[in-house]
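Sequence and computational prediction follow.
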Amino acid sequence: METLQDTATKKATTSSPTFKGSGSQMLLNALIEEGVSTVFGYPGGAIMPIYDALYDYADKLEHILVRHEQGGIHAAQGYARTSGRVGVCFATSGPGATNLVTGLADAQIDSTPLVCITGQVFAHLLGTDAFQETDVINITTPVTKWNYQITDAKEIPEVLAKAFYIAKSGRPGPVLIDITKNAQLQVEEFEAYVKCNHIRSYRPKPKVRVEFIEEAAKLINSAQKPFVLFGQGVILGNAEQEFKAFIEKTGIPAAWTIMGEGAIPTDHPLNVGMLGMHGNYGPNVLTNEADVIIAIGMRFDDRVTGRLDKYAKQAKIVHLDIDPAEIDKNVKAEVGVWGDCKETLPILTNLVKENKHEAWVALFRDYNQQEIDQVITPELYPSGEEMTMGEVLRTLNELTGGDAVIVTDVGQHQMVACRYAKFNKTRSNVTSGGLGTMGFGLPAAIGAKYGAPERTVVAIIGDGGFQMTPQELGTIMQFGAAVKILILNNQFLGMVRQWQQLFHDKRYSFVNITSPDFVALAKSYYIEASKVDQRAELRKALETMINHEGSYLLEVMVGKENNVFPMVPQGCSVSEIRLK
Amino acid sequence: MERTLDNPFSKISPQGRNDDKKRTMSNDTIKHIESQPDYEGKQDFTITVYAEDRVGLLNRISIIFSKRKINIDSLNTSPSEIAGIHRFTILINESHEVVRKLARQIEKQVEVLKVYFNTDSEVIWQELALYKVSTEEITEKVTVERLLRQYGATAVVIRKDYTVFSVTGHKEETDALVKALEPYELIEFVRSARVAIIKDSAGFHEKLKEFEADEPGEERIENEFLDKGDKIFTM
C-alpha cells in the first residue's frame, strides 16, 4: 500500500492539480512552488511535523541547520540580500520564535524580503500557557510587514501564496507565518497551488503618473547644483541600469546611503561617495549647498541627515519612493514621485536634458581631495606602527579587485568597510544598516554565500560583534559554506569607545572587551585560521584567506584607539562634519 | 437636535460656533469650550479606517500610535456600509502633520484598504453616553428632571431603585450632564467611542470596486503628495 508520504512526493513531482497530504507537506510543496531551494532553520517540538515532512524533501529543499534561530534568520537575510529572492527560515514555537525577533526587526527596517515559518502549539492549547507557547503573532506584529497564524491546514496554500507575494512586492519586508501543530498534522485534499498576485487591500505600487515626473524633470532641468541621494530602493527595484542611465544623462553627482552602496560601481565617475554620520566630506557639506536634491529609494534616516532643521534647507527635494509613507516623513518633498523606480526612472530620464554640471562635480572632487589628504591617506597608508582597519580594506580591495561580496557586522569596522570597500557589482554589500545589529555579520555571511555561491564572500566583523553569534561557526563546519571571516580586532567595543572618547571625557565604561583565541576557536570547528599583528604579514595572510578553498578565519590586530572620521557629531548639521 | 453644525470646539473654525447650539448648553459648557487649550497646533482629528475584518488587525493599528507614545482618545470598530469590511473610527488630538504621518503608516498595513482623516468640521459625529441615577432622587427633585430635559436625555430603563438615561451627542454635551448630575448621586456613567460620518465621502462602494480590480484602473490612483491641497488623506 502506498503511504501518504509516497503520495505526497509523487503528486509534488507530477504537479497534479490536487494533492492529498498533511499540512506540513502542503507547506513544503508551497515553498517549492515559490521557487525556494534553501531554508535556514532549527527544529523543535511544535514544528516537528514540518521537519518530519522535510525528511522526504531533501532532494528538493536544502535545509541548513543553524546553531541558533537568530543565526537562521540573519542567514535568510544574507541570502535574500545577495540573491534578490525571498529568504526562508524555520523555527519552533516559544523560544525558537522569540529568537527570530531581532532578525525580523532588522529585516523590517532594511526592507529585506523574508518568509519565516514558526511552529505553534496545538490550536486547542492556545492561550493556556502551554509548554513553549508564546504569543508570537503579537510579539512580531511591530516588526513584520505581515503575519498570520494558521490553525487549519486548509488555509496553508492561500496564506503561503500571500506571504511570498507580500514579502517581495512593493517595499519588501519580513512576513511571519505561525502554524499550529494540529494544522501541520491535518490531512487534507488540497487544490493546485496558485500564486498570489493581487490582494484587494494591498497596493504594492501605484500606476505611474507622468505629470509628477514631469514636474520633477522641470525642477531637475532648471537646477544649477543638483545632487542625487540614492538608497537600497535602487537595488530592491532592480533598477541599477535605469539609475545609471539617469545620472549619466544628467551628469548629476550621486551619493549613497550604506544600504544603497554598490548600486553603481565605486569607481563610477559620478559616484561621489557615502552620505551621513561617517560618510564622505563632500556629499555631507554639499548637501547644504545643492539647489535640487533628488532622493531615490532612500528614507532620510537620522544617520544620513544629522540635525534635521539644518538639513538641506536651501534645496528643493524631489523624492522617488515606492513607500508613500516615506515621502514627507522626515524631509518635506517639493515633488513626490510615488512609484517603482524601475518604472519611474526611465520616464524621468526621458524628460531630463543632457547636462554635465562640470564645475559642480569638480567641487565634490575638491572636497574629496581635502578628505584624501587629511583622512583617507593616513587611514589607508598609515605611517604608525599599528595597523589600521582602512589599510586592511585597501589590501583586501587589491586582492579581490572589488568583486567580492562584503558582509559586515556593526561598529567601527562596518563604517570603515562601507567607506573603503570597492564594489563593482550590485548586491555585494550586506550590512545591518537600519537596526545596527551586532552579531549580524557571521550568520548573514553564511546566507550570503548560499545566495551567491559562485562569489567570494568576506565577512568583516569586529571582536565584539563576533562574540555575539560565534556559534554559527558550527553551521559552517557542518554545511561547508566557504565564508572568509575577517576579524578586525581592536580589543575594544570600538564605536562606543570612540563616542566615549569624544563625548564622554574618555570615560571608557565597559568597552574594554577581551577575546578568546579566535584562531583556536575556529580550529575547534575544523575551520582553517590564522592571526596577524604585523603589517609585513598582512597581504600574505589576506591572500591565503582568499585563496583558501573552504571557509577561513583571519584575525587582524589593529590599533586599539583609532577613530572613524569624518564624523557628523550627533545633533550637528551635515555641513558641520568633522575631519578629525 | 440639529447635528449638521460645524464643531464649535474645533480650533480652526471658532467662527463656526452656532448660536442655537449655545442656547442649549449650560454656562459650564460654554466656559469649558472657551478654556479649550490651543497648543502646538493640536486639534481633534477623526481617523476613519476601512479594513479587512481580521484577528490582530486592531493591534497592528493601535501599535502605530503607541510606538510614538500617542494616546488614542477613543476608538470604535464596527461594520461599514459594505459587508465584510470593517470600519475603525479613531479620535486623537494631534497636529495635522502627525496625523498625516500616522494615517500613512496605517494605510501601509497590508489589510487596510483606506484611511481618511478629518477635522471636526469635516465630519458629523456622535457619542452615546449612559447615566445611572437613583430613581428616588430624580422623582423627588424637580431640578434633575429639568436638567435631563435640557440635555435631551431619554430614559432607557426605569426601575424602583435606579433609572438609566442615555444622551447622544458630543463629548462636551455628555460631559456637561455628568457635571450637572454630580450633586444628585450619579451611580454610573459610561460613554462610547466617537462614531463619525465624513461629509464629503461618497461611501466606499465605488472605491472597493477599484480595489478589487485585478489591474489598477486610472481612477484608482490617488496620490496625496502629488495632489496637494486635497483635504482627505489618500494614497
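Alright, I've got the coordinates. Numbers count the residues shown, from 1 in each chain, chains lettered A, B, ... in the order given.

Leaving out chain neighbours, which residue sits closest to B:Ser95?
Using CB to CB, 6 or more residues apart in numbering or on different chains and skipping residues adjacent in sequence, the residue nearest B:Ser95 is B:Gly41, 4.6 Å away. In short, each C-beta sits where N, CA and C put it, glycine included.

Near chain B, which residues of the stretch 101-250 of chain A are found?
A:137-138, A:141-142, A:145-147, A:149, A:166, A:197-203, A:206-207, A:209, A:211-212 (CB under 8 Å from any CB of the partner chain).

Just to check, the residue nearest to B:Ser95 is in contact with B:Glu94?
No - taking CB atoms under 8 Å as the definition, B:Gly41 is not a contact partner of B:Glu94, at 9.1 Å.

count of neighbours near A:Glu385?
Using other CB atoms under 10 Å in any protein chain shown, A:Glu385 has 8 neighbouring residues.

quick one: contacts for it?
Listed by CB atoms under 8 Å, 6 or more residues apart in numbering or on different chains, A:Glu385 has no contact partners.

mind checking the SS state of it?
Following DSSP: H, G, I helix; E, B strand; the rest coil, we place A:Glu385 in the coil state.

measure the most centrally placed residue in chain B to chain A for me?
Using CA atoms, centre = their mean, the residue of chain B that lies closest to the mean C-alpha position is B:Arg194, 2.9 Å off. The gap separating B:Arg194 from chain A is 24 Å, by CB to the nearest CB, to the nearest Å.

next one: B:Thr168
32 Å.

Hmm, that residue is touching B:Leu128, no?
Yes - judged on CB under 8 Å, B:Thr168 makes contact with B:Leu128 at a distance of 5.2 Å.

can you give me the helices in chain B?
Assigned by DSSP state H, chain B shows helices spanning B:19-23, B:27-34, B:57-66, B:96-108, B:135-140, B:142-150, B:171-181, B:205-212.

Just put those helices in a markdown table and tack on distance to A:Leu104.
What follows is the helices of chain B, written out as a markdown table (distance: least, CB to CB, whole Å):
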| stretch | distance to A:Leu104 |
| --- | --- |
| helix B:19-23 | 51 |
| helix B:27-34 | 46 |
| helix B:57-66 | 14 |
| helix B:96-108 | 17 |
| helix B:135-140 | 57 |
| helix B:142-150 | 55 |
| helix B:171-181 | 39 |
| helix B:205-212 | 28 |
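
Quick one, grab the pLDDT at the residue in the stretch 301-450 of chain A positioned nearest to chain B.
Using CB to the nearest CB, A:Gly336 is the residue of the stretch 301-450 of chain A that sits closest to chain B, at 3.5 Å. Looking at A:Gly336, its pLDDT stands at 95.

Who is it paired with across the strands?
Listed by DSSP bridges, the beta-bridge partners for A:Gly336 are A:His319.

Which one's more surrounded, B:Gly41 and B:Glu94?
Ranked by neighbour count (other CB under 10 Å), B:Gly41 and B:Glu94 place B:Glu94 first, with 23 against 12.

unless I'm mixing things up, the more buried one is touching B:Leu102, no?
Yes - at 7.5 Å, B:Glu94 and B:Leu102 qualify as touching, with contact defined as CB under 8 Å.

any shared contact partners between the two?
Joint contacts of B:Glu94 and B:Leu102 (CB under 8 Å, 6+ apart) are B:Ile70.

hang on, isn't the residue nearest to the centre of chain B packed against B:Ala129?
No - using CB under 8 Å, B:Arg194 is not in contact with B:Ala129, being 11.6 Å away.

Give me the contact list for the helix or strand containing A:Leu553.
Following DSSP states H and E, one finds A:Leu553 within strand A:552-557. With CB under 8 Å, 6+ apart as the test, strand A:552-557 has contacts from A:387, A:392, A:473, A:484-491, A:518-519, A:522, A:527-533, A:538, A:541-542, A:544-545.

all strands for the stretch 351-500 of chain A, in order.
Along the stretch 351-500 of chain A, the stretches classed as strands by DSSP state E, counting those that start in this stretch are A:405-408, A:429-430, A:457-462, A:483-489.

Of those strands, which is nearest B:Ala51?
Closest approach to B:Ala51 among the strands of the stretch 351-500 of chain A (CB to CB): strand A:429-430, 35.4 Å.

same for the longest strand that chain B contains, what does it pack against?
When every strand of chain B is counted residue by residue (DSSP state E), the longest turns out to be strand B:123-134. In this structure, strand B:123-134 packs against strand B:162-169, helix B:171-181, strand B:186-191, strand B:195-198, with contacts taken as 3 or more CB pairs under 8 Å, 6 or more residues apart in numbering or on different chains; DSSP states H and E.
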